[in-house]
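Engineer: 3D, please:
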Amino acid sequence: MALRSLYTVVAKAIEDLKYLRPAVAAVLVFVGLKMLAEYYHYEISTEVSLSVVVTLLGAGVFFSLRKPKSSR
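Structural biologist: Below is the predicted model of the structure:
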C-alpha cells in the first residue's frame, strides 16, 4: 500500500516539475552503472551513492522551481 501512495506522489510531482523526469532518469542510469561496477568488483560506498541520488533529485526540483511561471 505504501508503494502505491509513493508512486502517486512521484507521478504528480513529475507532472508539476518539468526537470524531475530527467533527474529520475539520471538516477536510474546511475543505479544501473553502480550495479555494473559491482559486477566487476568495484565498490561504490553508500554515502557516495546517496549523495549522488540526493544531488540529482535536488537539482531536478531546484531547476523546475526556478523556471519562470510563464513558460510552465
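
Engineer: what sits up against stretch 50-66?
Structural biologist: For stretch 50-66, the surrounding residues in contact (C-beta atoms under 8 Å, 6 or more residues apart in numbering) are 16-24, 26-27, 30. Yep, even glycine has a C-beta here, placed from its N, CA and C like the rest.

Engineer: counting by contacts, list what the helix or strand of the chain with the lowest mean pLDDT packs against.
Structural biologist: Ranked by mean pLDDT, DSSP states H and E, the weakest helix or strand in the chain is helix 2-16, scoring a mean of 86. Where contact means 3 or more C-beta pairs under 8 Å, 6 or more residues apart in numbering; DSSP states H and E, helix 2-16 is packed against helix 20-39.

Engineer: repeat the analysis, applying 10 Å as the threshold.
Structural biologist: In terms of contacts (3 or more C-beta pairs under 10 Å, 6 or more residues apart in numbering; DSSP states H and E), helix 2-16 is packed against helix 20-39, helix 46-66.

Engineer: format these as a markdown table; extra columns: mean pLDDT, mean neighbour count and distance to residue 7.
Structural biologist: Formatted as a markdown table, those follow (pLDDT from 0 to 100; neighbours: other C-beta atoms under 10 Å; distance: least, C-beta to C-beta, whole Å):
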| stretch | mean pLDDT | mean neighbour count | distance to residue 7 |
| --- | --- | --- | --- |
| helix 20-39 | 95 | 13 | 12 |
| helix 46-66 | 95 | 13 | 16 |
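
Engineer: if anything else comes up later, I'll come back, but that's it for now.
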